[in-house]
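> next one to model:
(4 chains)
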2 protein chains.
Amino acid sequence: MQLSELLKQKREKKQLLMREVASLVDVDTAIISKIEKGDRRPTKEQLLKYATALDIDYNKLLTLWYSDKIYHEIKEESLALKILKVAEKRIKQELKNT
Amino acid sequence: MQLSELLKQKREKKQLLMREVASLVDVDTAIISKIEKGDRRPTKEQLLKYATALDIDYNKLLTLWYSDKIYHEIKEESLALKILKVAEKRIKQELKNT
DNA sequence: CTTATATTTGACATATTCTGACAAGAATTA
DNA sequence: TAATTCTTGTCAGAATATGTCAAATATAAG
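Numbering: from 1, shown residues only, chains lettered A, B, ... in the order given. Down below sits the predicted model:
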């Protein structure tokens, strides 16, 4: 499940118009449209408001938000999986040192 | 092994001055210093020149380069590992669909 | 069908982040 | 001490991200 899909589904489940979500998240309706289309990622601040507005766990949104970002950064690279592994190792290493 | 360390080690192994690497990579010496300190990431173009200049496998550099980037993006997040897992799933999913 | 409402799209303005250039300071070596 | 190398901070310009707006398209209601 991608962030954009989740946000759209939740909005529809709550039977809210984009205009209404836009008001709650405090952005232009055009932005909401683009977010649900996956053309844009919300800002972190918007994400928080989204969580409240649509009653979604913020950590879940945040996880998808970062994953989306990372995915787009490396999706064209054949080394993508290797890259993630190396990043994971580094994170784990860091966790040990604390 | 981080990108910055590797680049420094390789330079020293070849007994090159920063000034010399700077020339080969075609940037200011200050940039090289910052790169080796981890204050800046080289551009992709610089990375390629680095590979040639220091005789390092480009894919290795590229992997570290992306990993570095991702690491810094999520290192403060307690969800970091989860984020990587989700990104990995998405990449794998994408690979299936081709 | 035609009108009203909702959504999508594109163009442009603004803000934020990234990068390179430069100069002065600090460290190292001769 | 002088020469050389490396480091650091600042600033301008480039690149990227985000917001605003208006017009185009799609959807629903009468």
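
> what about the nearest residue in space to A:T29 that is not next to it in sequence, how many neighbours?
Residue nearest to A:T29 in three dimensions, not counting chain neighbours: A:A22, with 4.4 Å by CB to CB, 6 or more residues apart in numbering or on different chains. Where you see a C-beta, it was placed from the backbone N, CA and C, and this is true even at glycine. Using other CB atoms under 10 Å in any protein chain shown, A:A22 has 19 other residues around it.

> does stretch A:48-62 reach DNA strand D?
No - if you take CB under 7 Å from any atom of the strand as the test, stretch A:48-62 misses DNA strand D, and the best it gets is 10.7 Å.

> start to end distance for that stretch?
The first residue of stretch A:48-62 is 9 Å away from its last residue (CA to CA, to the nearest Å).

> now do the buried residues in that stretch.
For stretch A:48-62, burial by neighbour count (16 or more other CB atoms under 10 Å in any protein chain shown) applies to A:K49, A:Y50, A:A51, A:A53, A:L54, A:I56, A:K60, A:L61, A:L62.

> what does stretch A:1-14 give?
Under 16+ other CB under 10 Å, the buried positions of stretch A:1-14 are A:L3, A:S4, A:L6, A:L7, A:K8, A:K10, A:R11.

> noted, bye for now.
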